[in-house]
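**Q** Please work out how this folds:
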Amino acid sequence: MNVENDHSEEDTPERSADEAENHLPVPAPDPALTVSRKRLAGSATCLNCGTVLQGPFCHYCGQPDKNFLRFFPVLLRELMEDFLDFDSRFMRTMKPLLFIPGKLTRDYLDGRRFRYTPPLRLYLFTSIACFFLATLFTSDVIQIDANSDKSDGASSGVQIDEIDSPKVAEAISRLDPKTREEVEKALEGVKQAPEETEPEVETISINGKPWDRETNPLIIGWMPDWVNNWINDEIEQSPQKGKQIEENPDLIKDKVFDVLPATMFVLLPIVALLFKFWYLFAKKYYVEHLIFALHNHAFIFVMLLIGILAGAVAEWADPAGQGFLTRLADWIEIAIMCWIPLYLLISLKRVYRQGWAMTLAKFSVIGISYTILLALTTAFVALLSFVLL
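**A** Got it, this is the predicted structure:
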């Protein structure tokens, strides 16, 4: 007995050390990242796989311990909250996205991800909302009065018709002979004015000669035949498309907004490559640069969204453009234009953690490179929109 007691006393420190290693203190969970108790089913084991639960989610299969057998209005509200995610993750994402440059990307790379909206979902939501409202509120920005020339012609036609009217003849007859002769000569000149001729259509010249589909087509030697045929088809249809755009500018605008979102999405991997190139020795994976690009583009879309809404509200409430709302919208636009580059600079400093001198230098070269890339993308979108018209 004594031997056993001695062994038990000797084993006690070892067991306590093992227990101390196996049972480390667990930090208290963040209440903002857990499920409220009233929404839990209160099961001791997972209802899906039978695993003993240690929290609101099963650590084996991932099923939440939620009770869906409740009053339908309450259940519907909770389902909408989970679907829209405005009650928690989305609202927690907006504050660092708008006001704390680089924090969203830094937290995401450091593993604090669940509390925020995923970068790709955030980018898709903000880009779709921005382009949708831009299409909605810029429908009347470009206006061409197609009837202006016709109205002028109509008014001049009325004046010419009135020249031969009895009232004009009677008024002329009352003038003195000299004045009457001058007025009659002037009226004859108006009657004999040359008719308006249609403006000459500019044609494309190939090898110093006007383009012609049969006799002088555009042929690029290193291109396949189907590409050359497609190019000549577009040249042939370009005058008609130009006339359609002149008559209805909304055609090209709508087509641009159809093509632009997809083009910007395709541009993202190239932007991430741009960051990868300028931070080649930063020991970061490509996906880290891609997440940074997603967050920064989402920020820009939200800023543009705020500017569009401010301008639309000011135009609706103050059509004359002289009131307080118009001045407020102007100040908001100025603040946005100042905050965007400052935000991008600070986020670059916070995420890549280099000195200010190096950050400013790289911010300048990245800005120039991105501007060139954006200009090429804009030209491509305009050309593609014209082709798809």
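**Q** which residues of this protein fall in strands?
**A** Counting by DSSP state E, one finds strands in the chain at the ranges 205-206, 209-210.
**Q** Parallel or antiparallel, list what pairs with the last one.
**A** If I follow you right, that is strand 209-210. Strand 209-210 sits in its sheet next to strand 205-206 (antiparallel), going by DSSP bridges.
**Q** averaging pLDDT over each of the strands of the chain, which comes out lowest?
**A** Lowest mean pLDDT of the strands of the chain: strand 205-206, a mean of 66.
**Q** Retrieve the pLDDT associated with the closest residue to residue 317 other than its chain neighbours.
**A** Distance criterion Cβ to Cβ, 6 or more residues apart in numbering; nearest residue to residue 317, sequence neighbours excluded, is residue 325 at 5.0 Å. Yep, even glycine has a C-beta here, placed from its N, CA and C like the rest. On pLDDT, residue 325 comes in at 88.
**Q** buried set for stretch 226-239?
**A** In terms of neighbour count (16 or more other Cβ atoms under 10 Å), stretch 226-239 has its buried residues at 232, 235.
**Q** List the contacts of stretch 280-294.
**A** Outside stretch 280-294, the residues that touch it by Cβ atoms under 8 Å, 6 or more residues apart in numbering are 105, 108-109, 119-120, 122-123, 268-269, 271-273, 275-276, 279, 347, 351-352, 354.
**Q** Burial check on residue 137, number of neighbours?
**A** Applying other Cβ atoms under 10 Å, we find 16 residues neighbouring residue 137.
**Q** could you measure it against residue 310, distance?
**A** Applying Cβ to Cβ, to the nearest Å, the value for residue 137 to residue 310 is 11 Å.
**Q** quick one: the helices in the stretch 151-300 of the chain?
**A** 166-173, 177-191, 225-247, 250-278, 286-317 (DSSP state H, counting those that start in this stretch).
**Q** Outline the domain layout of this protein.
**A** The chain resolves into domains spanning 31-83, 123-143+249-387, 148-191 when parsed by automatic domain parsing.
**Q** Any chance of the ones you listed in CSV with distance to residue 90 as columns?
**A** Formatted as CSV, the entries for the domains of the chain read as follows, by distance: least, Cβ to Cβ, whole Å:
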stretch, distance to residue 90
domain 31-83, 10
domain 123-143+249-387, 8
domain 148-191, 48
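**Q** Go through those and name the closest to residue 215.
**A** Each of the domains of the chain has some distance to residue 215 by Cβ to Cβ; the shortest is domain 123-143+249-387, at 24.3 Å.
**Q** so what's residue 296 scoring on pLDDT?
**A** 96.
**Q** tell me the contacts of it?
**A** Remark: with contacts taken as Cβ under 8 Å, 6+ apart, residue 296 is in contact with 344, 347.
**Q** Kindly report the same for residue 125.
**A** Residue 125 neighbours (Cβ under 8 Å, 6+ apart): residue 117.
**Q** The same query, at a cut-off of 6 Å, please.
**A** With contacts defined as Cβ atoms under 6 Å, 6 or more residues apart in numbering, residue 125 is in contact with no residue.
**Q** Tell me how far it lies from residue 318.
**A** According to Cβ to Cβ, residue 125 and residue 318 sit 30 Å apart.
**Q** in stretch 354-365, what's buried?
**A** 359, 362-363.
**Q** residues near residue 316, how many?
**A** By other Cβ under 10 Å, the residues close to residue 316 number 10.
**Q** Numbering from 604 from now on, please.
**A** All right, first residue 604 from here; so that's residue 919.
**Q** Could you check how far it is from residue 739?
**A** Counting by Cβ to Cβ, the separation of residue 919 from residue 739 is 12 Å.
**Q** And for residue 867?
**A** Taken as Cβ to Cβ, the spacing of residue 867 relative to residue 739 amounts to 18 Å.
**Q** Out of the two, name the residue with the larger neighbour count.
**A** residue 867 (19 against 11).
**Q** rewinding a little: ranking the domains of the chain by burial, who's on top?
**A** Compared across the domains of the chain, domain 726-746+852-990 shows the largest average neighbour count, a mean of 16 (mean count of other Cβ atoms under 10 Å).
**Q** returning to what we had before: among the buried residues of stretch 957-968, which lie within helices?
**A** 962, 965-966 (DSSP state H).
**Q** Tabulate these in CSV, adding columns for distance to residue 943.
**A** Formatted as CSV, these follow (distance: Cβ to Cβ, whole Å):
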residue, distance to residue 943
962, 17
965, 17
966, 13
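**Q** Among these, pick out the one closest to residue 646, please.
**A** Each of those was scored against residue 646 by Cβ to Cβ, and residue 962 proved nearest at 51.7 Å.
**Q** Read off the pLDDT value for the nearest residue to the closest one once chain neighbours are set aside.
**A** Of all residues not flanking residue 962 in the chain, residue 952 sits nearest, at 4.6 Å (Cβ to Cβ, 6+ apart). Residue 952 is assigned a predicted lDDT (pLDDT) of 95.
**Q** quick one: the helices in the stretch 604-753 of the chain?
**A** Listed in chain order, the helices of the stretch 604-753 of the chain (DSSP H, counting those that start in this stretch) span residues 605-625, 675-687, 692-702, 706-712, 722-740, 751-766.
**Q** could you say what helices and strands the shortest one packs with?
**A** Pointing back at helix 706-712 there. Contacts of helix 706-712 with other secondary structure elements, assessed using 3 or more Cβ pairs under 6 Å, 6 or more residues apart in numbering; DSSP states H and E, are made with helix 692-702, helix 889-920, helix 927-955.
**Q** Would you mind stating the distance between the closest residue to residue 912 other than its chain neighbours and residue 905?
**A** Using Cβ to Cβ, 6+ apart and skipping residues adjacent in sequence, the residue nearest residue 912 is residue 736, 6.9 Å away. Spatial separation of residue 736 from residue 905 under the definition Cβ to Cβ is 11 Å.
**Q** which residues sit against stretch 928-945?
**A** In this structure, residues lying in contact with stretch 928-945 by Cβ under 6 Å, 6+ apart are 906, 910, 913-914, 917, 920-921.
**Q** ok, now stretch 706-725?
**A** Applying Cβ under 6 Å, 6+ apart, the external contacts of stretch 706-725 come out as 636, 692-693, 695-696, 699-700, 891, 894-895, 897-898, 901, 953-954.
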